[in-house]
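K.L.:
sequence-free structure coming up:
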C-alpha cells in the first residue's frame, strides 16, 4: 500500500475519537478505592477551607497595631490545634499559639516564636510585624461552593487527600472499562514453557496487559489462541458479550493465516486498517456490536507503540477521562536518525538534560521486533510523516514516556 493511501496519525485519532462515547454507568466508591478512577461529576466545596483564621506558625497571636519594638506584651494564655483560646485578646496582650490553632478573637497577626524574647513573664518583640503575618485566612484555600475537581479527571493521591479534607468519604466515578485481549499465532509459546525450534515466547500479551493495568481498566485475558478460525471466532463472541473493547495482537495483515481481520469483517465492521505510523502500519479499528475493536500489529514494539499512541487516547475518552495532548519537548540529537518520508516515525530514544539543554539518542536497532529498543528507552523521537533523515546536531521533537511505559 502506498504512503498516500495510509491514514495519517492525526486523522486516525480524530476519526476514532469522533466515533466513541464515554461509558455512562457510574458507581460510588470509598476514597480508599478511588485512586486513578475517573470522576463522574464535579465536586464542590461545602464549606470554606480552612474553616477559620488560624496560625501558620508556632508563635504568639497579637494585635499588630499594639506591637511596639522593645515593648512588653502580657501573655494571656495559649491556643493549641483543636483547643482554641476561648476569650478575646485583651489590650496590650498576646496568646501563645501553635500551628493550625484558631486565631483568638481580636488578634490579626502571629509573630514567630523565634522573633520574640521572654522577660519576667512578658513577651517582647524587637520589630513591628505586618498585619496578617503568619495567618491563614478562612477560605483562602477553598471557598464554600467553589468547584474543587471537574468531571473527567483521573483521581490522584493529592486529589484524594483534598476530597478527604472536605469530609468526603465516597465519590462518584465512572465504571471501569472492560477490555478483552488475546494473542494469536501458532509460533507463540507461553513464558515458562519449553521453546520448540522455530517458536517464540508470547511477550505481547504480557506487555499490553501491564500497560492497560496502568490505565485502571478491568482486563479480560482470553489467552493465547491458535491460528484457527473457530478459536478466534469464539474469542470474538466472548468479547462481544462481556467487554467494552477487544484488543488483539497480530492477525490484521494479509497473510494466509491472519484470521483476526477476517473475523472482524464477518462479525462486525472494519473502519480502517492502515495507518501512516512507524512502527505499526497494520493497525485495525472497528466495532463488534457494542464492543470496540483495536487490532494491533504482531511485532512487539509496534504493538506497544500503537497501544500507547493510537489506542490510549480513545480508551481515555471511553472511560470518561479528559484527553490531553502528549507532552512534547525539543532536544538535539547526538546521532544521525535514518528515515524515509511517508510515515510518522516514533523512534525509541534516551534523552538527558545538561546545562546546554536537552539531548537525545536512539538505542540500538529500531526494529519493530526488538523490545530492548523500548525497554531501555525513556522517550520517543517523533519524526513527522513527510520528513526524511535527520543529521546529528539537529533539533528534533521528543515525547517523554507517559504512565503506560514508566
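P.N.:
Perfect, thanks for sending it. Keep in mind that this is a model prediction, so the values were computed, not measured.
K.L.:
Spell out, range by range, the helices that occur in the stretch 301-406 of the chain.
P.N.:
Under the criterion DSSP state H, counting those that start in this stretch, the stretch 301-406 of the chain contains helices at 312-318, 372-375.
K.L.:
Of all the residues in the shortest one, which ones are buried?
P.N.:
Just to be clear, that refers to helix 372-375. 373-374 (16 or more other C-beta atoms under 10 Å). In short, each C-beta sits where N, CA and C put it, glycine included.
K.L.:
and that helix, what does it pack onto?
P.N.:
Judged by 3 or more C-beta pairs under 8 Å, 6 or more residues apart in numbering; DSSP states H and E, the packing partners of helix 372-375 are helix 300-306.
K.L.:
residues in contact with the helix it packs on?
P.N.:
With C-beta atoms under 8 Å, 6 or more residues apart in numbering as the test, helix 300-306 has contacts from 203-204, 207-208, 211, 249, 275, 277, 279-281, 283, 294, 296-297, 346, 348, 367-371, 373-374, 380, 405.
K.L.:
Pass me the low-pLDDT residue ranges in the stretch 101-250 of the chain, would you?
P.N.:
The stretch 101-250 of the chain contains no residues with pLDDT under 70.
K.L.:
Spell out, range by range, the helices that occur in it.
P.N.:
Ranges of helices within the stretch 101-250 of the chain are 157-165, 204-214, 229-242, based on DSSP H, counting those that start in this stretch.
K.L.:
And the last one, what does it pack against?
P.N.:
Helices and strands in packing contact with helix 229-242 are listed as strand 178-184, strand 218-225, strand 245-249, helix 260-267, strand 284-288; criterion 3+ C-beta pairs under 8 Å, 6+ apart.
K.L.:
picking up where we left off before, how about the helices of the stretch 101-250 of the chain, which one is nearest residue 62?
P.N.:
Evaluated with C-beta to C-beta, the helices of the stretch 101-250 of the chain place helix 157-165 nearest to residue 62, the distance being 28.3 Å.
K.L.:
List the beta-bridge partners for the closest residue to residue 141 other than its chain neighbours.
P.N.:
Spatial nearest neighbour of residue 141, excluding adjacent residues (C-beta to C-beta, 6 or more residues apart in numbering): residue 49 at 4.4 Å. Using DSSP bridges, the bridge partners assigned to residue 49 are residue 142.
K.L.:
shouldn't residue 49 be in contact with residue 166?
P.N.:
Yes. If you go by C-beta atoms under 8 Å, residue 49 and residue 166 touch, sitting 6.9 Å apart.
K.L.:
shared neighbours of the two, which are they?
P.N.:
Common neighbours of residue 49 and residue 166 (criterion: C-beta under 8 Å, 6+ apart): residue 142.
K.L.:
Compare the two and say which is more crowded by neighbours.
P.N.:
Remark: of residue 49 and residue 166, residue 49 carries more neighbours, 18 against 14, as counted by other C-beta atoms under 10 Å.
K.L.:
Next, count neighbours for residue 324.
P.N.:
Using other C-beta under 10 Å, residue 324 has 8 neighbouring residues.
K.L.:
nope, residue 382 is what I was after
P.N.:
19.
K.L.:
Nearest residue to it in space, please, no chain neighbours.
P.N.:
residue 397 (4.6 Å).
K.L.:
check contacts around that neighbour.
P.N.:
Applying C-beta under 8 Å, 6+ apart, the residues near residue 397 are 328-330, 381-383.
K.L.:
Summarise which helices and strands the longest strand along the chain is packed against.
P.N.:
In the chain, with assignment by DSSP state E, the single longest strand is strand 344-354. Here strand 344-354 touches strand 277-278, strand 357-362, strand 379-383, strand 395-400, going by 3+ C-beta pairs under 8 Å, 6+ apart.
K.L.:
Now do that strand against strand 357-362, angle only.
P.N.:
For strand 344-354 against strand 357-362, the angle by axes from the mean of the first three to the mean of the last three C-alpha atoms, to 10 degrees is 130 degrees.
K.L.:
So in that sheet, which strands flank strand 344-354, and in what orientation?
P.N.:
In the sheet, strand 344-354 lines up against strand 277-278 (parallel), strand 357-362 (antiparallel), strand 379-383 (antiparallel) (DSSP bridges).
K.L.:
And residue 208, how close does it get to residue 365?
P.N.:
Relative to residue 365, residue 208 is positioned 21 Å away (C-beta to C-beta, to the nearest Å).
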